[in-house]
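A.B. asks: need coordinates for the following:
(one chain, ligands or ions: 2)
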Amino acid sequence: MTHSSVVAVVPAAGVGSRMQADRPKQYLQLGNKTILEHTLLTLNAHPAVSRVVVALSCDDPYFPNLPIADASWLTVVDGGKERADSVLAGLQLLNDDEWALVHDAARPCVSHDDIDTLLEVRNRSDVVGGILATPVRDTMKRESTSTPGAISHTESRDRLWHALTPQLFPAGLLTAALKQGEQKKVVVTDEASAMEAAGYQVALIDSNPANIKITRPADMPLAAFYLQQSQQKG
Ligand SMILES: Nc1ccn([C@@H]2O[C@H](COP(=O)(O)OP(=O)(O)OP(=O)(O)O)[C@@H](O)[C@H]2O)c(=O)n1
Ligand SMILES: C[C@](O)(CO)[C@H](O)COP(=O)(O)O
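C.D. replies: Numbers count the residues shown, from 1 in each chain. Ligands and ions are numbered 1, 2, ... in the order given. Model (predicted):
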């Protein structure tokens, strides 16, 4: 079956406050490249990805110094206040019938195997798209509101998943769902939340938990280890 082209859309306009670094976390080095370079190069290297759109902070002083800044396969757009705004800005460069493969800049350890599995959802008629995900492993506690720092209760972890990225949807439907979510003040922290709110069925694709989102300092050595593992695999 032939498919419309797949375009990677990479939100990379965050400030990385939880990382508490001297620069936005996507510009921290892992080995000989920044996190952002690892992510963009991995996406561009996937045979199904036709081009990459990256959303940057409008006053980002770091990107122009990267060797890939002038890559022909890469287009830069200005990101927005929230992650969803940055994704929406990137989607403006896609045709409605193209597949948007939305992936956090902060997830450099994503594998081509997992992207291959996610792309299979294009052949399904029961869902509109899908997301990489991994089942929750720990017991989940809800914090008390009346006694902050204390447990209110244990949440059922039955059928509870961590949503990862990439998340894959037809660009036109995702654009409309994000705009609708904005108008209806839906809390949209990933693309799937907007698609769910719009009433679509979205596939959960069980995937490698090594595809971590680098968020806090302790994530850096873990990401370095996973990247080294994948480089050794070749
Ligand atoms: N306005 C924003 C906010 C976030 N992002 C991107 O969305 C991804 C996931 O967001 P997160 O991990 O929360 O990154 P930050 O918002 O930078 O981190 P923090 O919440 O700690 O500030 C990151 O690649 C980040 O660069 C974005 O493009 N535009
Ligand atoms: C999109 C995401 O990575 C899925 O888990 C997550 O929602 C991003 O959240 P953040 O607060 O913007 O890091």
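A.B. asks: where does the chain come near ligand 1, residue by residue?
C.D. replies: Within the chain, the residues that sit near ligand 1 (CB under 6 Å from any ligand atom) are 11-18, 26, 55, 79-83, 86, 104-106, 213, 215. Just so you know, the C-beta spots here come from the backbone N, C-alpha and C atoms, and that holds for glycine as well.
A.B. asks: show me these that map onto helices.
C.D. replies: Secondary structure from DSSP state H places Arg83, Ser86 of the residues of the chain next to ligand 1 in helices.
A.B. asks: could I get the full set of strands for the chain?
C.D. replies: 6-12, 29-30, 33-34, 49-56, 74-78, 99-102, 129-135, 140-143, 151-155, 161-170, 202-206 (DSSP state E).
A.B. asks: of all those strands, which lies closest to ligand 2?
C.D. replies: strand 161-170 (4.3 Å; CB to the nearest ligand atom).
A.B. asks: direction included, what does that closest one pair against?
C.D. replies: Partners of strand 161-170 in the sheet, by DSSP bridges, are strand 99-102 (antiparallel), strand 129-135 (antiparallel).
A.B. asks: can you list contacts of that strand?
C.D. replies: 4, 6, 8, 96-104, 107, 110, 115, 118-119, 121-122, 128-136, 177, 190-192, 195, 202, 204, 207, 209, 211, 213 (CB atoms under 8 Å, 6 or more residues apart in numbering).
A.B. asks: quick one, which of those residues are buried?
C.D. replies: Applying 16 or more other CB atoms under 10 Å to these, the neighbour count classes 6, 8, 98-104, 107, 110, 115, 118-119, 121-122, 128-134, 177, 190-192, 195, 202, 204, 207, 211, 213 as buried.
A.B. asks: ok so, going back, can I get the buried part of the residues of the chain next to ligand 1 as one PyMOL selection?
C.D. replies: Buried residues within these, by 16+ other CB under 10 Å, are selected in PyMOL with:
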select buried, resi 11+12+13+14+16+26+55+79+80+83+86+104+105+106+213
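A.B. asks: which residues of the chain lie near ligand 2?
C.D. replies: Residues of the chain lying near ligand 2 (CB under 6 Å from any ligand atom): Arg83, Asp104, Ala163, Leu164, Thr165, Thr189, Asp190, Lys213.
A.B. asks: swap the cut-off to 8 Å and go again
C.D. replies: For the chain, the residues in contact with ligand 2 (CB under 8 Å from any ligand atom) are 11, 14, 83, 104, 106-107, 131, 162-165, 167, 189-191, 213, 215.
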